[in-house]
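Q: Everything below, folded, please.
(chains A, B and C)
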Amino acid sequence: MSTVTGLKSSADVLFLMLGAAMVFAMHAGFAFLEVGSVRKKNQVNAFVKILTDWSVSTIVYFLIGFPISYGISFLKPAEELLGKNQGYDLVHYFFLLCFAACIPAIISGGIAERAKFWPQVVAGAVFAGLSYPLFESLIWGQNAALLQGFFKSLGGAEFHDYAGSVVVHSIGGWLALPAVLILGPRMGRYIHGKSHPIPISNIPFLALGSWILAVGWFGFNVMSAGNIDKISGLVAVNSLMAMVGGVLAALLASKNDPGFIHNGALAGLIAVCAGSDIMHPLAAVVVGAIASLIFVYGFHLEQEVLRIDDVLGVWPLHGVIGSWGGIAAGIFGQKALGGMGGVSFVSQLAGSISAIIFALVSGFLVYGLLAKTVGIRLSEQDEFAGADLSIHSIGAYPEDHIR
Amino acid sequence: MSTVTGLKSSADVLFLMLGAAMVFAMHAGFAFLEVGSVRKKNQVNAFVKILTDWSVSTIVYFLIGFPISYGISFLKPAEELLGKNQGYDLVHYFFLLCFAACIPAIISGGIAERAKFWPQVVAGAVFAGLSYPLFESLIWGQNAALLQGFFKSLGGAEFHDYAGSVVVHSIGGWLALPAVLILGPRMGRYIHGKSHPIPISNIPFLALGSWILAVGWFGFNVMSAGNIDKISGLVAVNSLMAMVGGVLAALLASKNDPGFIHNGALAGLIAVCAGSDIMHPLAAVVVGAIASLIFVYGFHLEQEVLRIDDVLGVWPLHGVIGSWGGIAAGIFGQKALGGMGGVSFVSQLAGSISAIIFALVSGFLVYGLLAKTVGIRLSEQDEFAGADLSIHSIGAYPEDHIR
Amino acid sequence: MSTVTGLKSSADVLFLMLGAAMVFAMHAGFAFLEVGSVRKKNQVNAFVKILTDWSVSTIVYFLIGFPISYGISFLKPAEELLGKNQGYDLVHYFFLLCFAACIPAIISGGIAERAKFWPQVVAGAVFAGLSYPLFESLIWGQNAALLQGFFKSLGGAEFHDYAGSVVVHSIGGWLALPAVLILGPRMGRYIHGKSHPIPISNIPFLALGSWILAVGWFGFNVMSAGNIDKISGLVAVNSLMAMVGGVLAALLASKNDPGFIHNGALAGLIAVCAGSDIMHPLAAVVVGAIASLIFVYGFHLEQEVLRIDDVLGVWPLHGVIGSWGGIAAGIFGQKALGGMGGVSFVSQLAGSISAIIFALVSGFLVYGLLAKTVGIRLSEQDEFAGADLSIHSIGAYPEDHIR
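A: Here you go, the predicted model:
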């Protein structure tokens, strides 16, 4: 019997380590998605922002964030960290760090091409170390009884967010909105009230980013089980189906545009996180397709009607669609629609709205404070020269610049 | 005991989910291999074709293909889909979908740079939803007794195709041949009977595609075990050895050409699928090396002598080498050559030939019908402008076009 | 009970297969890191070198290297290779091959842009087939009693190198030093005693290489456990922490330079291999940060003061930092610093120095012999034209050259 327990314990550590490696890889996906979607003069900056935010998140979530969320501190000798379960808490931290670090990675795409470097590093640290863990603790963590009790009294069931449509993506996307609003649009994006879309640089890099994200997402969703014995093939196939629904809806709605199609895959995956364990695969197709339509039309609304210069469209993509994912779990998770049941539409709506409020308040607070003190926007000269030369003193293709 | 059974069941789901994620990633490899091998004006089209074919395959194989192959329908409530084995059938579907979706991905490389978009989407849907599952059901699936009985009566053993040299790759490659023949060569490829090779655009992307495919292939072959307790280290190392044999043979035969070397790795991997579980690693080196020579010389024969404009050479690569893989399993799987035995040369030959016939008939039927009705080829203007601008209204590097 | 044993045996094979696939992928990382760091005219050569060295290493390590290290030969029928443990020895070979093949991959980055092709293939074969296995056998393998006994008598504990800071990285980096010295600098790198840095070509490819390496590294370190029941979450998180320490130190020390930041991640990962199982995560941050400073300042010292043209800086990166990793395990592995203990500073120092001596002797011997006989450097014309055109008869972007 002790062998079985030992094997189970080892398998759990492997399970979360593989999940963590897959979701860690997604951060390369965030980087390439942004690199492909900005101008050449801001590509280096995109890479460095993502890697720096990741690194800072690692430290603050280790020291502050994870202890806030789950009440577990790592400030004890290595031997105790390893414990009797082969360091399960450590890989659990690693896996959940990959989620926390999505917050600055999501925002990065919205504020691209004109934000100062260090203020954004500070904002990312606050979000990954404080804001996100606070909300996480109330939904998934040690303080879940507080907020979940409220949701249960409202709708008869706890708020269900299996892999973070709301906790991760909507928080990230709705945090980006204040950042983008306070920053203002890039130079030349809107001139005399007219919209002048800025061409993106590199669709192969955009596609590479999308593919890396999509593959890693199967770690994001499936390993959210936390333990190998809770693994669910339904989660894997629902993720697949929502992605595919997103691709096909974007294909039709955007008239075959490669940017929308590759982001449509992500739209579907964002929306399916919350209910991936309780929906029917065909419902997941619908949820993903609707998510994709939200992105195609929401992006247009945001950029052309509301005139918000959110470079990668992270507010509609992660923010609005994340919220849609939370709500969709309350619809398509119902037994009447082929789902597993046990979920409440009202609770899902309430949970999704609470995340929006939490993110907007956090975002306006942090970016407002930074803007008023150190400033968050590059100077005109620096923005014109590009973040690469002005912040990093080098372009993305140094050999070409020499010639 | 129930713990062991539960752990085994979880491990099986994880096993196939990891395999599926690895083979899903291979489709990014197909995309980059094609993107690097076509001209810049057709790169976007390559990305969109692969992702669209994948998405359409997902739907049709879920609704029609998998039920045809294995007699399992997913049109029941989520709870029943999950069942008592944590949704094993669902991840099994996911893993095998990755195989089915290879069919349009393989063809895509042959017909690149001049095919219409939607007719090819339809063709891919027919192949992934009907043709492939029909053949799959006869070799691996619910109707295997029919065809395998015939092979056994011929050669004394069933037709052995562990991971799909024949069922997947040869079917894909031999389906591409009619497509390429009916389409005809790209504008300017052969002028007044003279061959004018069209330069490829980007060897780094080609190499990236090859690497992604090669890494994912270890999921393709190893997870073909289906259950974790049937895993075989021999399959992994034989895959490695065939790949390496393919690289080294291409290095020598092509006089150090990067395109052949990176495709040589794939040639070896295609050939080894069928017999990876029954050959000796040194035999796998030989099988891979011969496969690579088939590609180097077969590509020349196809393009320069037969004057077939198969852009990525998918007919020799997946078609001919896939057949070679089926036959090779009948040779190098023999005990006399260090193999595991239990395999018949005659059955392998018969199985490989049956796949060729099946694919040629399906291919001429589908493409012939499409060509006669909606047409499968871009207009001259569209082909000249490139599939990117004419189909997707955007080039791969929008910023560069603006300047 | 037999079920548990069977499941454990299967899980072990899967464990090492996944590790092997992850570390195999790292070789794509080596390739892209070099491709991004050389001029465009040498990109194809970088790809082909890495894939060829990998392939040759596979063969020689199978036939000669692994038998030298572990006394296991694979020259027996497939059935015996599979044995009763599902081919565990085979995947063990596969996993350790991925380490052996790092040796030529590391050297490749140092000698880039001016080395002949075939002599380097031969050197790589000697290292992966003989030199490396010899040293490996003395530290991890069948002859460990010899050298480890010596270290134990010196310092009271065996030399501890969990995942190869010393055995793999320092050997690779210190082998590269003689190669680079004997080759001499690239044309135009130092003119009349003045340093003329040669601009790199492509930071996105460099970053891609770094990301691929970083993700695969979790296979490199975690699967070094060898068996699933020895998996340690501490190893995973220490790897993460050292990487992050490396990124942040490089960010500050290099003033936000993308090349140093992405190599800083690798610096941390190289240094943490040796002691990843015995250090505290916060100690790992420090070890990684120091490693990164060694790279930033060591690279400058090497290139500008010592005037050694080591293109990717592989001597400071893998060589010096690998040695630092061995020594650091003797410091931060101590219980007094929160570590697991059982490690001796003196033994670590002795082990790290022994590797330096072994590598320098091997390197001067092999490269000296090759230089005296066949020559190891391209002709001036060939170097000027670039390795791509002179060795491979094609550039990295053929379509662009045509226009």
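Q: Quickly note the distance from the closest residue in space to A:Lys230 that isn't next to it in sequence to chain C.
A: Distances taken as CB to CB, 6 or more residues apart in numbering or on different chains place B:Ser10 nearest to A:Lys230, at 8.0 Å, with adjacent residues excluded. Just so you know, the C-beta spots here come from the backbone N, C-alpha and C atoms, and that holds for glycine as well. Distance check for B:Ser10 against chain C: by CB to the nearest CB, to the nearest Å, it reads 11 Å.
Q: What of A:Phe95?
A: Computed with CB to the nearest CB, the distance linking A:Phe95 and chain C is 10 Å.
Q: isn't that residue right up against A:Ala21?
A: No. With contact defined as CB atoms under 8 Å, A:Phe95 does not reach A:Ala21; the gap is 9.4 Å.
Q: Residue numbers of the stretch 51-200 of chain A in contact with chain B?
A: A:199-200 (CB under 8 Å from any CB of the partner chain).
Q: Show me where the stretch 51-200 of chain A has its helices.
A: Taking DSSP state H, counting those that start in this stretch as the test, the helices found in the stretch 51-200 of chain A are A:66-70, A:78-82, A:88-100, A:102-110, A:117-126, A:132-139, A:144-155, A:171-183.
Q: Most tightly packed of those?
A: With neighbours defined as mean count of other CB atoms under 10 Å in any protein chain shown, the helices of the stretch 51-200 of chain A peak in mean count at helix A:102-110, which reaches a mean of 28.
Q: now it, how far from the chain's geometric center?
A: Chain-centre distance of helix A:102-110: 7 Å, with CA atoms, centre = their mean, to the nearest Å.
Q: What are the contacting residues of it?
A: By CB atoms under 8 Å, 6 or more residues apart in numbering or on different chains, the list of residues contacting helix A:102-110 from outside reads A:26-27, A:30, A:33-34, A:37, A:46, A:49-50, A:53-54, A:56-57, A:120, A:123-124, A:127-128, A:131-132, A:168-169, A:171-173, A:175-177, A:179-180, A:310-315, A:318.
Q: Can you check what pLDDT the model gives the closest residue to chain C within chain A?
A: Across chain A, no residue is closer to chain C than A:Gly87, which sits at 2.5 Å (CB to the nearest CB). According to the model's per-residue confidence, A:Gly87 sits at a pLDDT of 97.
Q: Quick one: residues contacting the nearest residue to it once chain neighbours are set aside.
A: The shortest distance from A:Gly87 to any non-neighbouring residue, by CB to CB, 6+ apart, is to C:Gly233 (2.5 Å). Contacts were defined as CB under 8 Å, 6+ apart; by that measure C:Gly233 touches A:13, A:16-17, A:82, A:86-91, A:94.
Q: Include distance to C:Gly246 when you put those into CSV, please.
A: Listed next are these as CSV, based on distance: CB to CB, whole Å:
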residue, distance to C:Gly246
A:Val13, 24
A:Leu16, 23
A:Met17, 20
A:Leu82, 23
A:Gln86, 25
A:Gly87, 21
A:Tyr88, 26
A:Asp89, 24
A:Leu90, 19
A:Val91, 21
A:Phe94, 17
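Q: just these now: which is nearest B:Asn42?
A: B:Asn42 has its nearest neighbour among the contacts of C:Gly233 in A:Met17, at 40.3 Å by CB to CB.
Q: my guess is that closest one meets A:His92, correct?
A: No. At 10.1 Å, A:Met17 does not count as touching A:His92 under the criterion of CB under 8 Å.
Q: follow-up on the earlier one: what sits against the residue of chain A closest to chain C?
A: When the contact criterion is CB under 8 Å, 6+ apart, the partners of A:Gly87 are A:13, A:81, C:232-237.
Q: do that again at 7 Å, thanks
A: Neighbouring residues of A:Gly87 by CB atoms under 7 Å, 6 or more residues apart in numbering or on different chains: A:13, A:81, C:232-234.
Q: Which members of the residues you listed are the farthest-apart pair?
A: The two members of the contacts of A:Gly87 with the most space between them (CB to CB) are A:Val13 and A:Leu81, at 12.6 Å.
Q: In the stretch 1-150 of chain A, which residue sits nearest chain B?
A: Closest approach of the stretch 1-150 of chain A to chain B (CB to the nearest CB) occurs at A:Val4, with a separation of 5.0 Å.
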